[in-house]
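S.K.: test case, fold it:
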Amino acid sequence: MKLGAFSISLNVKDINASKLFYEKLGFEVFAGDIDQDYLIMKNGDSLIGLFQGMFESNIITFNPGWDQNATPLERFDDVREIQRELKEKGVKLENEADETTTGPASFALLDPDGNAILIDQHV
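M.R.: Below is the predicted model:
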């Protein structure tokens with residue numbers, strides 16, 4: 001199972017302060033719009049999403065179909081295939097992608113400690 005590009009999506013209180021902090025750690029703005037309260041920051045292959053007021057807790061994120069530069073991959077495991085495999089393994093999902101569709105879709109689950117995991121396909 002190939003989950004795709006990995007990032008952590010952080011629920012931040014002050015996106016400007018968070019941006020400055022992560023810049024000190026060598027991260028640069030990669031995508032997003034600070035005026036819309038979200039930025040994706042990159043340091044090498046490490047990605048951090050900064051989101052102010054968009055969700056309650058931090059989220060581990062995987063993007064099937066993308067590499068770490070958000071470049072679409074020619075071959076990848078579709079989000080619906082990943083979802084089916086996890087369900088077959090008995091993993092409880094918090095919400096599901098519509099398996100009758102194609103293209104962009106997502107589903108979510110929680111790890112044993114309650115950490116949110118988002119499998120979010122954009123292609």
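S.K.: quickly note the distance from the residue nearest to Gln121 when sequence neighbours are not counted to Thr101.
M.R.: Among residues not flanking Gln121 along the chain, Val79 sits closest, at 3.9 Å (CB to CB, 6 or more residues apart in numbering). Glycine gets a C-beta too; all of them are placed from N, C-alpha and C. Note on Val79: its distance to Thr101, by CB to CB, to the nearest Å, is 10 Å.
S.K.: please say which of these two ends up with more neighbours.
M.R.: The neighbour comparison of Val79 against Thr101 (other CB atoms under 10 Å) goes to Val79, with 28 against 10.
S.K.: quick one: that one from Ala70, how far?
M.R.: For Val79, the distance to Ala70 - CB to CB - is 16 Å.
S.K.: and Lys42, by the same measure?
M.R.: 9 Å.
S.K.: quick revisit: which residues touch the residue nearest to Gln121?
M.R.: Contact analysis of Val79 by CB atoms under 8 Å, 6 or more residues apart in numbering lists Pro64, Ala97, Ala105, Ser106, Phe107, Ile119, Asp120, Gln121.
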